[in-house]
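Visitor: have a look; sequence and predicted model below, questions after that.
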Amino acid sequence: MRTTSVAAPAKLNLHLEITGLDGSGYHTLETVFQTLDWADTVHVALSDQPGIRLSCAAPGVPEDERNLAHQAASAYHAARSWPNGLDLRIDKVLPAGGGLGGGSSNAAAVLRALTQLDPEPLSPAVLATIALQLGADVPFFLLGGCAHATGRGEQLTPLEDPQAEPVTVLVPKLHCSTPAVFAALSDEERGPRPARGAVAWAEALDDIPSCLFNRLQAAAARAYPELETVFAACRATGAPWLLSGSGACCFALGHHPAPDGLCAVHTHFRSRADLDRV
Ligand code: ATP
């Protein structure tokens, strides 16, 4: 096989709690990730021309080494010393800076695609190490479905996939920087506090609405006061909307009309078994 195409789905954080700081000063989290059926498509072709080329028509998405998908391909190549060059194309539909993990998902999709194309693929353990070097959310996107994560997001436990629950995602015209949102956390919000653990979350997810929580939501509004307008429009609908990750996208379970002035995408949970499906 010389070419393949895989999906790079968005994720939501159904629950996101800060548990403290690790030895290097990074915040540690406890989160429940869930992939969505809303996805970019990543095309990967082996080439006889050496080097890595990437194209992506979406405005604001870099096509050079700054792109996480490009970095993923370089890291795979470096670990495997592979003779082929690569042509990557990303058909982008996910918003950048939305807290949906689009860039991280693109990177993991490249790694998954390369293991399909490579006659001697890297082991899952080496892939996971490469993924974490690319970003804290990238290891999750090697797995997909529903998963519990601690540490920086890399200590993953797959959880049973819920039904294809319908979800509405709001896409404000606002980009949130993850470091800026973390910098706006109050001392109280930073913790430390104990993690509940994967076993407790596996049980709690029998009632998903009761799990919905995001410790970053207030900090995101302090870092980006424009988000207050979005939250106010959400509150006015009466539905329980929650910020995803560090924002700016918000989501609610079920299908809801968009609040005034906002764009809504109706989708549903995507299971682990379906991760690659284009
Ligand atoms: P996260 O939730 O991980 O913070 P996000 O959904 O908020 O991610 P991304 O889509 O990952 O945001 O984009 C954040 C920034 O990363 C963009 O502004 C863009 O410049 C850069 N970037 C690098 N690679 C990509 C990629 N493949 N797709 C989109 N943006 C990318």
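Guide: Ah, there it is.
Visitor: how about the residues of this structure by the ligand?
Guide: 61-62, 66-69, 90, 96-104, 106, 137, 178, 245-246 (C-beta under 6 Å from any ligand atom). All C-beta atoms are positioned from the backbone trio N, CA, C, and that covers glycine.
Visitor: who's sitting farthest from the centroid in the chain?
Guide: Distance from the centre of the chain peaks at Asp48, with 32.1 Å (C-alpha atoms, centre = their mean).
Visitor: do a quick rundown of the helices in the stretch 1-150 of the chain.
Guide: 68-80, 102-117, 124-134, 138-143 (DSSP state H, counting those that start in this stretch).
Visitor: switch these over to a markdown table; also include mean pLDDT.
Guide: Formatted as a markdown table, the helices of the stretch 1-150 of the chain follow (pLDDT from 0 to 100):
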| stretch | mean pLDDT |
| --- | --- |
| helix 68-80 | 96 |
| helix 102-117 | 98 |
| helix 124-134 | 97 |
| helix 138-143 | 98 |
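Visitor: reformat these as JSON lines; add distance to Asp187.
Guide: Formatted as JSON lines, the helices of the stretch 1-150 of the chain follow (distance: least, C-beta to C-beta, whole Å):
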{"stretch": "helix 68-80", "distance to Asp187": "32"}
{"stretch": "helix 102-117", "distance to Asp187": "28"}
{"stretch": "helix 124-134", "distance to Asp187": "28"}
{"stretch": "helix 138-143", "distance to Asp187": "28"}
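Visitor: to Asp206, which of those helices lies closest?
Guide: helix 138-143 (21.0 Å; C-beta to C-beta).
Visitor: off-centre distance for the closest one?
Guide: Taking the mean of its C-alpha atoms, helix 138-143 sits 8 Å from the chain's own mean (C-alpha atoms, centre = their mean, to the nearest Å).
Visitor: what is that helix packed up against?
Guide: Packing partners of helix 138-143 (3 or more C-beta pairs under 8 Å, 6 or more residues apart in numbering; DSSP states H and E): strand 3-21, helix 102-117, helix 124-134, strand 155-159.
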